[in-house]
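Chemist: Following is a predicted model, sequence given first.
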Amino acid sequence: MSKQNRINFSSKLAVVAAAAGSAVGLGNIWRFPYELGQYGGAAFLFFYVLFVIVMGFPIMLSEFAIGRAGQSNAVGSFRKLDPKGKWWLIGVMGVITAFLIMGFYSVVSGWTLEYIYQAVTNQFSGKDSITLAANFSEFSSDSVRPVLWAVLVMVITAAIILLGVKDGIEKSTKFMMPLLFIIIIAMGIRSVTLPGGLEGLRFLFHPDFSKINSSVLLSAMGQAFFSLSLGMGCMITYGSYVNKKNKLSHTVTEVTILDSLVAVLAAVVIFPAAFAVGINPGQGPELVFITLPNVFSNLPGGQFWAILFFILLFVAALTSLISLMEVVVAFVTEQFKMKRVPVTISVTLAVLVFSVMSSLSFGAWKDVTIFGMTFFDLFDNITSKVFMPLGGLLITLFAGWVMPLNSLKQEVSNNGSLQVKWFGIYLIIIRYVAPLGILLVLLNQLGVSKWIGL
Ligand code: PHE
C-alpha cells in the first residue's frame, strides 16, 4: 500500500533541480576555488573527491532514504523511524545548523547583490587592485548597507518559501539551475580561451601535497559536507518530498556530480582569467570580491562578464538559502502544527539577528570574538567543521544501525523493484567506513591522534 499524501516534487528533473540547487552555492563558487588555491591545488581536490565518494554519496543517499521513509521534516522523520529513541535530536541540531549557516550565508549573498549593482553601474572599470580592495573593505565593514542587502536576500528567500514546495521551491529552482549552468559554462569557456589562461589551470591543478595537514584534511571534509548540504537535515527534508518512484541512487549520483562539477568549473573560471590578465589570484574569501572585479576591469567586455558572474553567484546562493529555510520552516510548521506564513515570517526575522551579527563582524564588531573568532567566522567554522560532520556521523550510524534495515533497503531499492547489488557495500560504508573516517578526521584535528599514537 502506498500511503503518500505528502506534497511531492512533480518530476525527476524537479528533484534534481531542487537538490542540486541546495548543493550548488557559495560553497562551490566562492569558497571552493580559494580553498583550492590555498591548500595545494590538485592535492586538496584529491582529498575533496575522496570525501565526496566515501562520505558525501552514502550520506546523501541515507538522508534521502530517511526523509522519504519518514515522510516528514528533519526532526519528524527520525521520530517516525525510531519513536522511542533520542535520534531526533540530530534533526534539532540540523535546524540550529541551518540557522547559523543562514546567518553568515545571507551576508555573503547580500554582497553579491551589491556587486551586481556595482557591475551594472560599471564601478570596477579603471580601478586598480588597491582601490578595489579598499572599496570592498569599506563596503563590507559598513554597519548599514550590507545589512540591508542581507535583509533583501532573506525577504526574497522567504517569498519563495511562502509559495510552497511546488510553486516556490520547485518552480524557482527549475528555472534558476539551468540558467546557472549556462552562465558558468559560458564563463569557463571564455576564461580558458583567454591568452595565458592555461597558465592558471596549471597553477590550479598542480598538486602540492606538502600543504596537506590535519587541518587541511578537516577543511576538505568540511567543504564536502557543506557543499553537498549534508549532515543537517536538508536532504532529509527534500527527500520527504521525493516521489516513491524516484530512483534515489540515481538522483544522488547526479546531484553529487553536478555539485563537484560546478565547484571545479568555478575554479576554472576564476584562475585562468586571473592569470590571463596578470593578477596574482588572492588567496582567501576576498578572491571573488577583490580579485575578480580586478580581472573584469582588465578584460575586454569585462562589465558584461562581471554582471553575469555576480548574477551567477546570487542565483547559486539563493537556491541554497531556500533549502536552508525550508529545513526550519518544515520543522516548525509540522512539529508545532503552525501555519506556513507566520512561521516563515518569524524564521526570517530570527535569521536576521544572526545576519546582523555576522555582518557587523567585518566592521563595528570585528573585535568581538568567541574562541578567537568573529561571529561570521564562528558560524562558518562551527557549522562546516563541527556540526555538519558530526551530524553526518550520526546520520550514518542511524541509517546503518538504528533505522529498520528493511525500511532502508525498501527506500534505496524502491520496494524491491530495483536491483541494488551494491547494497552490501553501501551498508559497510555507512556502518563502518564513513563514521570511522569522519571520527578520524575530527580526532586528528583535535590532535588526539598523537596521544593515542596513531
Ligand atoms: N551547499 C551549499 C553551498 O555549497 C550550502 C548549504 C549547506 C546549503 C547546507 C544548504 C544546506 O553553498
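Modeler: That came through, no problem.
Chemist: what about the stretch 201-350 of the chain, any weak spots by pLDDT?
Modeler: 282-283 (pLDDT under 70).
Chemist: Secondary structure element holding the closest residue to the ligand within it?
Modeler: Closest residue of the stretch 201-350 of the chain to the ligand, CB to the nearest ligand atom: Ser229 (3.5 Å). In short, each C-beta sits where N, CA and C put it, glycine included. Assigned by DSSP states H and E, Ser229 falls within no helix or strand.
Chemist: Around the ligand, pick out the residues from the stretch 101-250 of the chain.
Modeler: 101, 226-227, 229, 232, 234 (CB under 6 Å from any ligand atom).
Chemist: which ones among the residues you listed are found in helices?
Modeler: Among those, the ones falling in helices (DSSP state H) are 101, 226-227, 234.
Chemist: Most neighbours among those, which one?
Modeler: Ile101 (30 neighbours; other CB atoms under 10 Å).
Chemist: Skipping adjacent residues, who's closest to that residue in space?
Modeler: Leaving aside its chain neighbours, Ile101 sits nearest to Thr383 (5.1 Å; criterion: CB to CB, 6 or more residues apart in numbering).
Chemist: neighbours of the one you found, just the number please.
Modeler: Per other CB under 10 Å, the neighbour tally for Thr383 reads 27.
Chemist: just checking, it touches Leu230?
Modeler: No: taking contacts as CB atoms under 8 Å, Thr383 lies outside contact range of Leu230: 11.4 Å.
Chemist: shared neighbours, these two?
Modeler: Residues touching both Thr383 and Leu230 (CB atoms under 8 Å, 6 or more residues apart in numbering): none.
Chemist: Quick check, central residue of this protein?
Modeler: The residue lying closest to the centre of the chain (CA atoms, centre = their mean) is Ser227, at 3.7 Å.
Chemist: Could you tell me which residues make contact with that one?
Modeler: Applying CB under 8 Å, 6+ apart to Ser227 gives the contacts 23, 25, 27-28, 32, 259-260, 263.
Chemist: what do you get for Glu114?
Modeler: Contacts of Glu114 by CB under 8 Å, 6+ apart are 139, 145-146, 149.
Chemist: Provide a ChimeraX selection command restricted to the buried entries of those.
Modeler: Only the buried entries of the contacts of Glu114 go into this ChimeraX selection, using 16 or more other CB atoms under 10 Å:
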select :139,146,149
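Chemist: Let me know the closest of the contacts of Glu114 to the ligand.
Modeler: The closest of the contacts of Glu114 to the ligand turns out to be Trp149 (CB to the nearest ligand atom; 17.6 Å).
Chemist: For the closest one, which non-adjacent residue is spatially closest?
Modeler: That would be Gly110: by CB to CB, 6+ apart, it lies 3.2 Å from Trp149.
Chemist: OK, now which residue of the stretch 351-454 of the chain is nearest to the ligand?
Modeler: For the stretch 351-454 of the chain, the residue closest to the ligand is Met388, as judged by CB to the nearest ligand atom, at 7.3 Å.
Chemist: burial count for that residue?
Modeler: Met388: 29 surrounding residues under other CB under 10 Å.
Chemist: just Phe271 next, same as before
Modeler: Count around Phe271 with other CB under 10 Å applied: 27.
Chemist: Report the separation between it and Leu439.
Modeler: Distance of Phe271 to Leu439, computed by CB to CB, to the nearest Å: 34 Å.
Chemist: for Ser323, what are its contacts?
Modeler: Ser323 neighbours (CB under 8 Å, 6+ apart): 18, 21-22, 169, 229, 234, 237-238.
Chemist: Can you turn the buried part of the residues you listed into a ChimeraX selection?
Modeler: Those of those that count as buried under 16+ other CB under 10 Å are selected in ChimeraX with:
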select :18,21,22,169,229,234,237,238
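Chemist: Of the contacts of Ser323, which belong to helices?
Modeler: If you go by DSSP H, the contacts of Ser323 have 18, 21-22, 234, 237-238 in helices.
Chemist: quick check, His289 in a helix?
Modeler: Just so we're on the same page, residue 289 is Phe rather than His. No: counting by DSSP: H, G, I helix; E, B strand; the rest coil, Phe289 is located in no helix; its state is coil.
Chemist: for the nearest residue to it once chain neighbours are set aside, phi and psi?
Modeler: In space, and not counting its chain neighbours, Phe289 is closest to Phe136: 5.0 Å by CB to CB, 6+ apart. Here is the backbone geometry of Phe136 (degrees, to the nearest 10): phi -60, psi -40.
Chemist: and if you look at Asn415?
Modeler: Phi and psi for Asn415, reported as degrees, to the nearest 10, are phi 60, psi 30.
Chemist: List the residues that contact it.
Modeler: Neighbour list for Asn415: Lys244 [criterion: CB under 8 Å, 6+ apart].
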